[in-house]
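Enquirer: any chance you could fold what I've pasted below:
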Amino acid sequence: MTNESCSAASDNAFLMLAQYTLIALGLLLICLKSKGILHQLDLWLEFFLTSVPAISVELELSNDEKDAPKGSQTLVDKKQPHILNCYNPSSGCCLALSIPVPNMSEKDVDQVCQAAHTAQKTWSETTFAQRRLVLLSEGELWLQKSYRSTGPLMMHKDAFVQYVPVGVLGVIAQITFLFIIIITTTQFHNLLNHILSGLFAGNAVVTKVSEQTSWSSVQFLRIVREALSVCGHSPDLVQLVTGLGPSGAALVDHPLVGKIIFTGSPQVGAKVMAGCAPHMKPVTLELGGKDPMVLTEDVSMKAILPWVMRGCFQNCGQNCCGIERVYAYDSIYDTFLEQVKPLVEALNQGNPNDDKEVPDCGAMVMNQQLHLIQSLVDDAVKKGAKILVGGKFDSSQKGNFYPPTLLVNVTNEMRIAKEEVFGPVMAVTRVPKDSDEECLRLLHEVCPFGLGASVYSGSQERAFKGIGQHIQSGMLTINDFGVNYLIQSLPFGGWNESGFGRFAGPEGLRACCHERSIVLDKLPSIIRTSIPPPLQYPMTKSSFKFGNSLIQLFYNDGSILAKLKAIVTLCKGG
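Expert: Numbering: from 1, shown residues only. From the prediction side, this is the model:
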């Protein structure tokens with residue numbers, strides 16, 4: 001064989017290999033696309049390769065604090081009723097701003113809703129790619145047309161659901177994370193999740209924040225508005241409402257607000273729902289929780305201790321999905337208390353602005369929460385519980401500090417077994433005889449909440465099938481804690497007094513939209529729907545025969561002969 005023929009053979013082999021490789025890649029891409037994986041790869045490439053405009057926002061982090069007498073954190077002064085006083089919960093001092101935070105009136109709320117409504121008209125016409133540039137988010141697969149089966153009677157039709165933005169999304173959120181340095185994605189999502197999902201679905205978002213966190217909310221919302229501006233969109237898309245209860249009521253009542261998402265207590269949630277009812281306005285309620293953590297007798301003590309500590313004391317216990325009830329099985333109960341006690345004792349609490357030390361726990365956002373926690377702890381002790389660590393706050397100190405507390409021998413007769421603490425208290429209950437059934441009875445007997453739950457066991461199957469799937473909760477993690485929130489494709493929400501509706505995930509994103517069912521002709525130039533003459537008005541005797549024959553054709557599953565007779569009758573026109 002000559003060199004030329006060898007070269008030609010080599011070239012042919014290379015071409016064949018290239019062809020087969022391209023075919024294989026094509027088939028692989030088809031398979032990936034059918035599973036949605038190709039879309040995810042596209043998004044990852046876009047995330048890493050797309051140049052995102054830079055923003056620069058100078059936050060007004062003033063150190064100018066004015067002393068306020070302990071216990072007199074007045075939110076609104078009679079002399080300045082239009083100004084909302086903001087306090088540093090770690091010092092009790094009033095925070096100063098060059099532009100004061102307004103206690104917004106109904107007229108003020110109307111103005112921001114009008115501005116958001118105007119900006120939303122243009123924003124709703126943007127592409128998902130344009131929205132991703134601002135939001136670094138994705139979800140269009142969940143917002144695109146959702147095609148549905150038509151059945152044999154309407155086989156000539158296309159049927160799908162269209163997800164239409166509600167327009168202006170009203171959010172009332174008790175954002176308790178804003179005073180914390182944002183060091184985890186959980187805390188960052190807690191601030192922005194409603195804004196991200198609302199904007200991505202094509203809405204404008206008007207957020208009423210807690211009067212306790214208005215100072216920092218003003219700062220953070222400036223970042224969001226600047227991100228919109230540098231990408232060429234109106235910053236009016238995102239608005240902030242600050243003030244007391246009447247400000248929130250004005251947002252709920254506003255005719256331009258298409259839906260309300262509320263996070264807070266069941267008591268206030270009921271008022272929000274009542275405010276939405278006269279307008280038939282949809283509402284999502286996330287009403288807090290009292291999440292249990294179950295520790296079976298076969299757990300690794302070394303492995304679970306960090307999780308219990310994190311679950312109970314993260315953000316000083318101010319988490320709606322924080323661990324408020326620990327159920328330790330009989331065999332490990334004493335050992336668990338022996339090993340967890342020094343960890344709780346070692347927790348450092350203080351002002352995060354103090355450079356001398358790094359605190360594990362900061363302050364409570366709300367001063368009145370100190371007294372609520374104390375009443376729950378005192379009630380438990382009165383009924384037989386024992387305090388191993390903490391359990392009493394110092395009323396003479398500056399700042400809203402409740403000490404990290406370890407409370408044991410908790411029973412269902414105590415208020416703390418059923419009322420939300422929302423503070424740094426590890427409440428431990430013994431599960432008799434290492435019984436899964438008794439554990440389930442204890443955690444369901446008196447507690448009305450059902451947000452999340454964590455179950456730890458040496459056997460994942462037991463933890464899930466034997467215990468976890470029987471817990472009444474909207475979220476569940478096995479041998480882990482809180483990771484539902486880090487997986488934003490999962491919906492977040494609860495059962496019972498923890499509320500209803502979901503945010504995050506496909507369910508939450510679609511909940512930011514109206515659902516519209518649409519039917520079109522599949523081949524409009526060839527087949528169009530017409531009413532058969534026997535079914536046209538005015539009716540005749542043959543009309544009923546025709547209708548009965550349709551029923552026999554499509555719904556009689558027991559007789560082929562009946563279907564054939566029906567076809568003959570239909571051909572005769574009834």
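
Enquirer: for residue 108, give me its contacts.
Expert: Residue 108 is in contact with 102, 241, 243, 247, counting by CB atoms under 8 Å, 6 or more residues apart in numbering. Quick note: C-beta positions are derived from backbone N, CA and C, even for glycine.

Enquirer: that one and residue 242, how far apart?
Expert: When distance is defined by CB to CB, to the nearest Å, residue 108 is 9 Å away from residue 242.

Enquirer: so how far is the strand or helix carrying residue 227 from its chain's centroid?
Expert: When elements are assigned from DSSP states H and E, residue 227 belongs to helix 214-230. Between the mean C-alpha location of helix 214-230 and the chain-wide mean there is a distance of 21 Å, by CA atoms, centre = their mean, to the nearest Å.

Enquirer: please name every helix or strand in contact with the very next helix or strand once past that helix.
Expert: Following helix 214-230 in sequence order, the next helix or strand is strand 238-241 (DSSP H and E). Here strand 238-241 is seen to pack against helix 106-123, strand 204-209, helix 214-230, helix 245-253 when contacts are counted using 3 or more CB pairs under 8 Å, 6 or more residues apart in numbering; DSSP states H and E.

Enquirer: and stretch 541-558, what's its mean pLDDT?
Expert: The average pLDDT within stretch 541-558 is 84.

Enquirer: likewise stretch 267-287?
Expert: On average, stretch 267-287 scores 96.

Enquirer: compute the first-to-last residue distance for that stretch.
Expert: 9 Å (CA to CA, to the nearest Å).

Enquirer: same deal with stretch 203-216?
Expert: Distance between the two ends of stretch 203-216: 24 Å, counting by CA to CA.

Enquirer: run the chain-centre distance for stretch 531-547.
Expert: Using CA atoms, centre = their mean, the distance from the centre of stretch 531-547 to the centre of the chain it belongs to is 52 Å.

Enquirer: let's see it as PDB, backbone CA atoms only.
Expert: What follows is stretch 531-547 as a C-alpha-only set of coordinates in PDB (Å, rounded to 0.1, in the frame of the first residue of the first chain):
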ATOM      1  CA  ILE A 531     -71.100  22.600  16.500                       C
ATOM      2  CA  PRO A 532     -72.700  19.500  14.800                       C
ATOM      3  CA  PRO A 533     -76.200  20.400  13.500                       C
ATOM      4  CA  PRO A 534     -78.000  18.100  16.000                       C
ATOM      5  CA  LEU A 535     -76.500  20.100  18.900                       C
ATOM      6  CA  GLN A 536     -77.300  23.500  17.500                       C
ATOM      7  CA  TYR A 537     -80.200  25.500  18.800                       C
ATOM      8  CA  PRO A 538     -83.100  25.000  18.500                       C
ATOM      9  CA  MET A 539     -82.800  21.400  19.700                       C
ATOM     10  CA  THR A 540     -84.700  18.500  18.100                       C
ATOM     11  CA  LYS A 541     -85.400  14.900  19.200                       C
ATOM     12  CA  SER A 542     -82.300  13.700  17.300                       C
ATOM     13  CA  SER A 543     -80.200  16.000  19.500                       C
ATOM     14  CA  PHE A 544     -80.600  13.700  22.500                       C
ATOM     15  CA  LYS A 545     -79.800  10.600  20.400                       C
ATOM     16  CA  PHE A 546     -76.700  12.400  19.100                       C
ATOM     17  CA  GLY A 547     -75.600  13.400  22.600                       C
END
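
Enquirer: now do the buried residues in it.
Expert: Residues of stretch 531-547 classed as buried: 534, 543, 545, 546 (neighbour count, 16 or more other CB atoms under 10 Å).

Enquirer: I'd like the next helix or strand past the worst-scoring helix or strand of the chain on mean pLDDT.
Expert: Among the secondary structure pieces of the chain, namely its helices and strands, strand 65-66 has the lowest mean (mean pLDDT, DSSP states H and E), a mean of 56. Scanning forward in sequence from strand 65-66 by DSSP H and E, the next helix or strand is strand 94-95.

Enquirer: what's that following strand packed up against?
Expert: strand 65-66.

Enquirer: picking up where we left off before, name the member of the contacts of residue 108 with the most neighbours.
Expert: Note: the member of those with the most neighbours is residue 243, at 26 neighbours, neighbours being other CB atoms under 10 Å.

Enquirer: in a strand, that one, correct?
Expert: No. The assignment for residue 243 by DSSP: H, G, I helix; E, B strand; the rest coil gives coil, which leaves it out of any strand.

Enquirer: for it, give its distance to residue 210.
Expert: The span separating residue 243 from residue 210 equals 10 Å under the rule CB to CB.

Enquirer: so what's the gap between stretch 307-325 and the chain middle?
Expert: Stretch 307-325 sits 17 Å away from the centroid of its parent chain (CA atoms, centre = their mean).

Enquirer: so for that stretch, what's the average pLDDT?
Expert: Stretch 307-325 carries an average pLDDT of 94.

Enquirer: then stretch 387-404?
Expert: Mean per-residue pLDDT for stretch 387-404: 93.

Enquirer: same check on stretch 564-574?
Expert: With pLDDT averaged residue by residue, stretch 564-574 scores 81.

Enquirer: check which helices and strands the host helix or strand of residue 374 sits against.
Expert: Taking DSSP H and E as the definition, one finds residue 374 inside helix 368-382. If you count contacts as 3+ CB pairs under 8 Å, 6+ apart, helix 368-382 packs onto strand 405-408, strand 425-431.

Enquirer: how about it: buried residues?
Expert: Of the residues in helix 368-382, 369, 370, 372, 373, 374, 376, 377, 378, 380, 381 count as buried by neighbour count, 16+ other CB under 10 Å.

Enquirer: tilt between it and strand 425-431?
Expert: Per axes from the mean of the first three to the mean of the last three CA atoms, to 10 degrees, the angle that helix 368-382 makes with strand 425-431 is 30 degrees.

Enquirer: and the contacts of helix 368-382?
Expert: By CB under 8 Å, 6+ apart, the list of residues contacting helix 368-382 reads 364, 387, 391-393, 400-402, 405, 407, 410, 414-416, 419, 421-423, 425, 427.

Enquirer: cool, stretch 330-345 as well?
Expert: For stretch 330-345, the external contacting residues (CB under 8 Å, 6+ apart) are 295, 297, 299, 301, 305, 308-309, 313, 328, 388-390, 404-406, 408, 426, 428, 430-434.

Enquirer: can you give me the strands in the stretch 351-500 of the chain?
Expert: 386-389, 405-408, 425-431, 449-450, 454-456, 477-478, 495-496, 499-500 (DSSP state E, counting those that start in this stretch).

Enquirer: just put those in JSON lines and tack on distance to residue 90 and mean neighbour count.
Expert: Supplementary listing: the strands of the stretch 351-500 of the chain in JSON lines, determined by distance: least, CB to CB, whole Å; neighbours: other CB atoms under 10 Å:
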{"stretch": "strand 386-389", "distance to residue 90": "21", "mean neighbour count": "17"}
{"stretch": "strand 405-408", "distance to residue 90": "19", "mean neighbour count": "24"}
{"stretch": "strand 425-431", "distance to residue 90": "19", "mean neighbour count": "24"}
{"stretch": "strand 449-450", "distance to residue 90": "29", "mean neighbour count": "24"}
{"stretch": "strand 454-456", "distance to residue 90": "29", "mean neighbour count": "26"}
{"stretch": "strand 477-478", "distance to residue 90": "31", "mean neighbour count": "20"}
{"stretch": "strand 495-496", "distance to residue 90": "34", "mean neighbour count": "18"}
{"stretch": "strand 499-500", "distance to residue 90": "30", "mean neighbour count": "22"}
